[in-house]
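A.B. asks: I need the structure of the sequence given here:
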Amino acid sequence: MTQLSSASSASSSEVASSSEVASATLPSRLHHNAYVTRDQEATRAFYEDLIGLPLIATWKESDELFGAVRTYCHTFYGLGDGSALAFFQFADPEDQKQFGPEMPHSPFQHIALKVTEEVQNAIAERLRTAGWRPDETYVLEHGYCRSLYTSDPNGLLLEFTHDAPGIHESDADRRRTAHTDLASWLKGEHTSNNTYR
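C.D. replies: Below you'll find the model as predicted:
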């Protein structure tokens with residue numbers, strides 16, 4: 001029993017030192033993700049009133065950028081780790097057209113936010129009560145997580161993800177085989193490795 005315990009603590013210290021190295025050499029977290037909105041107030045009402053992300057900063061700016069003076073409003077909505085989702089809206093319709101073109105809709109282009117089961121359920125209930133885009137709001141069970149999807153007023157797809165029990169073991173497995181899994185996919189071996197579905 002003592003040997004098992006010491007082996008376990010050795011393994012834990014290796015993981016800890018590996019994590020410390022990673023946090024010293026990798027970006028620490030997302031600072032913000034930016035998107036162009038057509039309507040700052042509709043965006044605020046969705047993110048702050050419906051989803052629950054507080055508006056934490058509004059920058060009103062005018063600067064020479066990319067060959068011309070651009071005047072815009074830049075808003076930030078806070079997440080629990082100190083990062084944010086950010087949105088630009090331009091005063092000049094031509095700037096708005098140039099920097100905020102319509103993107104093709106795709107469920108594979110989205111922002112995924114980690115949530116607890118309680119937060120996911122609360123967001124789902126607020127969306128349902130508000131009648132928010134029922135055709136664009138749905139849940140997918142990925143096996144390793146359960147995801148609630150909806151789109152914001154700009155058509156940006158959001159995913160609110162609650163990890164499944166045992167996710168730490170699953171993450172460790174995927175981390176260990178990430179390079180060999182990618183290499184085999186690129187060579188044409190497309191058998192699913194998601195044993196949770």
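
A.B. asks: pick out the residue nearest the middle of this structure.
C.D. replies: The chain has Ala112 as the residue nearest its centroid, 2.9 Å off, counting by CA atoms, centre = their mean.

A.B. asks: which strand or helix spans it?
C.D. replies: strand 110-114 (DSSP states H and E).

A.B. asks: could I get that strand in PDB with only the CA atoms?
C.D. replies: The C-alpha trace of strand 110-114 is given here as PDB (Å, rounded to 0.1, in the frame of the first residue of the first chain):
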ATOM      1  CA  HIS A 110     -18.900  29.000 -32.800                       C
ATOM      2  CA  ILE A 111     -17.700  30.200 -29.400                       C
ATOM      3  CA  ALA A 112     -17.900  27.500 -26.700                       C
ATOM      4  CA  LEU A 113     -18.200  28.600 -23.000                       C
ATOM      5  CA  LYS A 114     -17.700  26.200 -20.100                       C
END
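
A.B. asks: re earlier: look up the closest residue to the residue nearest to the centre of the chain, ignoring the ones flanking it.
C.D. replies: Once flanking residues are discounted, Ala112 sits nearest to Glu159: 4.0 Å by CB to CB, 6 or more residues apart in numbering. (C-beta placed from N, C-alpha, C; glycine too.)

A.B. asks: how many neighbouring residues does Phe46 have?
C.D. replies: 24 (other CB atoms under 10 Å).

A.B. asks: pLDDT at the residue nearest to the centre of the chain, what is it?
C.D. replies: pLDDT for Ala112: 96.

A.B. asks: sorry, back to before: so what strands line up beside the helix or strand hosting the residue nearest to Ala112?
C.D. replies: Element membership for Glu159 (DSSP H and E) is strand 157-163. Sheet pairing for strand 157-163, assigned by DSSP bridges, gives strand 110-114 (parallel), strand 145-151 (antiparallel).

A.B. asks: what's next to the longest one, contact-wise?
C.D. replies: With contact meaning CB atoms under 8 Å, 6 or more residues apart in numbering, strand 145-151 is reached by 107, 110, 112, 120, 123-124, 127, 132-133, 136-141, 157-164, 167.
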